[in-house]
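3D, please:
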Amino acid sequence: MDRIINVPISKEDAPSLRAGDYVYLTGTIYTARDAAHKRMQEALDAGKALPIEINGNVIYYMGPSPAREGRPIGSAGPTTASRMDKYAPALLDLGLGAMIGKGKRSQAVIDAIIRNQSVYFAAVGGAGALLSKCIVESEVVAYDDLGTEAIRKLKIEHFPVIVVIDCEGNNLYETAIRAYAR
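I've put the predicted structure just below:
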């Protein structure tokens, strides 16, 4: 089923999504990869505030290439999500609404998705140039010294994703394999 969702994601929208749904996101999301997640965890461990509001927001696991002239961002394809698995449960427990990446997630992340009524979206790997066309604004908002791994605030329009893990724990990677094996 195709859905159009405004982000940050609402507590009403997340539970309505099902693994396998095609979704077009419009609004504001943030980027963060390994180094930024490590810094956010260090901030939490030190009792400090995070550099971005987590509650309801969406983090896209992505580090862009340099922007061409006249564009807000370069190629913007997803990063393998499992690299953030040791950090994701804590952010989900703080209210993170959704994550965008590619690839499988650990059981601890799946449990946190269910516990917090969140969702994990996949963006198509290898389609970074096409995905960048859905990004209309990009601004570094934290950890500028990390270069491409800095946290960016992105304004997106009709950004295409697929629900991989819904808030009930249904996992498209598992159900698709079972369906294909039949």
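
all helices for this structure, in order.
13-16, 34-45, 88-93, 107-116, 128-132, 172-181 (DSSP state H).

count the residues that sit near the closest residue in space to Gln117 that isn't next to it in sequence.
Excluding the flanking residues, the one nearest Gln117 by C-beta to C-beta, 6 or more residues apart in numbering is Cys167, at 4.4 Å. Using the backbone N, CA and C atoms, a C-beta is placed for each residue, glycine as well. Neighbour count for Cys167, taken as other C-beta atoms under 10 Å: 21.

how about the contacts made by the residue lying closest to Leu91 once chain neighbours are set aside?
Once flanking residues are discounted, Leu91 sits nearest to Ile54: 5.8 Å by C-beta to C-beta, 6+ apart. By C-beta atoms under 8 Å, 6 or more residues apart in numbering, the contact set of Ile54 is Leu91, Leu94, Gly95, Leu96.

tell me where the model's unsure across this structure.
1, 177-182 (pLDDT under 70).

and the longest strand for the protein?
Longest strand in the chain, counting residues (DSSP state E): strand 151-165.

quick check: Ser10 touching Val58?
No - contact criterion C-beta atoms under 8 Å: Ser10 and Val58 do not qualify, at 11.4 Å.

mind listing the shared neighbours of the two?
Gly97.

which of these two has more residues huddled nearby?
Val58 (26 against 13).

how near is Ala176 to Tyr22?
As judged by C-beta to C-beta, to the nearest Å, Ala176 and Tyr22 stand 14 Å apart.

quick one on the thing from earlier: taking the contacts of Ile54 together, which two end up most distant?
Leu91 and Gly95 (8.3 Å; C-beta to C-beta).

what sits against the closest residue to Met40 other than its chain neighbours?
Excluding the flanking residues, the one nearest Met40 by C-beta to C-beta, 6+ apart is Leu50, at 5.5 Å. Counting by C-beta under 8 Å, 6+ apart, Leu50 makes contact with Met40, Ala43, Leu44, Leu94.

next up, the contacts around Arg83.
Listed by C-beta under 8 Å, 6+ apart, the contact set of Arg83 reads Arg33, Asp34, Tyr61.
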